[in-house]
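Chemist: my questions are about this predicted structure, shown below with the sequence.
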Amino acid sequence: MATTPRPAPVPKPLRGVRVLSLALNLPGPAAFMRLKAMGATCFKAEPPGPKGAPAGTSGDPMGQYNPQAYATLHDGIKVATIDLKSERGQAALHKQLARTDVLLTSFRPSALEKLQLGWRALHKRHPALSVVAIVGAPGARAEEPGHDLTYLADAGLVTGLDLPATLFADMGGALMASEAVLKAVLTQKLRGQASFQEVALSDAAAWLALPRTWGLTQPSGAVGGAHAGYRVYPCKDGRVAVAALEPHFAASLCAAAQVPLGSPRDLFKPGTHAAIEAFLKKQTRQQLDRLAVEKDIPLHTLA
């Protein structure tokens, strides 16, 4: 009797690597989630909670305005309160840094300098320590105030009055920060050198905006609405996201809708759009889910 093969164990490339984070809000903790999943030993130092707040209140703003998200982000991560503005807090931090491989920060450069945690001071005191600094914008713009929304707007990803569906720059920045930690660890192992890397949330937004910059997601682009097989349409009891972009998927969609398809260019004609929309409007979500399976059409129905 054949047995089902067991899935291969998930690799833990950062096992044995110790990362300390001072990063608050979303990008740093989200990066920490990924680093922990890759096997890193993660320790986070947070400032004291706001004055007058109940005992145990997190010094991370995320812990105050969304405790559920905070709990998920910090699951399995050791967190300690350290007042970096005090001598005692500085001593506690440097005791931890002495046995840390990578430090993750999210303060403005001027704030780090005031705390004597700039790269030069840290590298002199802890030569083996690498630093990944999450900032809003790169270089001289790192002191500018900003947030996910402003970075997305600057990258051309805020196209109306509605807020973006998620925090793209923050989450993209978290991915870039976890990638930077991997780079730092590789550099340490291959060259025996500590390194400093700056990760800018505005760069993350610009990276995510590249398809739009290239025209792919503009209204005239194939995945921006110009292709009849790649759009969100209304159906009888909801909506349907159709992603029949490749020729064979588009042909299956048109055949199901009984829409003549002479050439691939027909998919960009208003008549084809109208005919497919008319077909989908008459279908229920259940019918479309069944159609997707029977005809091998990539689509997803929505309430």
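Modeler: Done, it's in.
Chemist: can you show me the helices along the protein?
Modeler: Along the chain, counting by DSSP state H, helices occupy 27-37, 61-65, 67-73, 87-97, 109-114, 119-125, 148-154, 168-191, 201-208, 210-213, 247-256, 270-281, 285-295.
Chemist: which other residues reach stretch 7-17?
Modeler: With contacts defined as Cβ atoms under 8 Å, 6 or more residues apart in numbering, stretch 7-17 is touched by 35, 37, 38, 39, 40, 41, 101, 102, 181, 182, 185. Bear in mind the C-beta positions are built from the backbone N, C-alpha and C, glycine included.
Chemist: average pLDDT for that stretch?
Modeler: Stretch 7-17 shows a mean pLDDT of 87.
Chemist: can you give me the end-to-end distance of that stretch?
Modeler: 25 Å (Cα to Cα, to the nearest Å).
Chemist: report the buried residues of it.
Modeler: By 16 or more other Cβ atoms under 10 Å, the buried positions in stretch 7-17 come out as 14, 17.
Chemist: quick one, domains of the protein?
Modeler: Annotated domains of the chain cover 18-211, 222-302 [automatic domain parsing].
Chemist: dump these to JSON lines, plus distance to residue 7 and mean neighbour count.
Modeler: Shown next, in JSON lines, are these (distance: least, Cβ to Cβ, whole Å; neighbours: other Cβ atoms under 10 Å):
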{"stretch": "domain 18-211", "distance to residue 7": "16", "mean neighbour count": "18"}
{"stretch": "domain 222-302", "distance to residue 7": "25", "mean neighbour count": "16"}
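Chemist: closest one to residue 6 among these?
Modeler: Closest to residue 6 of those is domain 18-211 (Cβ to Cβ; 19.7 Å).
Chemist: now do that closest one: distance to the chain's middle.
Modeler: Centroid separation for domain 18-211 versus its chain: 13 Å, with Cα atoms, centre = their mean, to the nearest Å.
Chemist: what is the lowest-mean-pLDDT helix or strand in the chain packed up against?
Modeler: Lowest by mean pLDDT, DSSP states H and E among the helices and strands of the chain is helix 61-65, with a mean of 91. If contacts are counted by 3 or more Cβ pairs under 8 Å, 6 or more residues apart in numbering; DSSP states H and E, helix 61-65 sits against helix 67-73.
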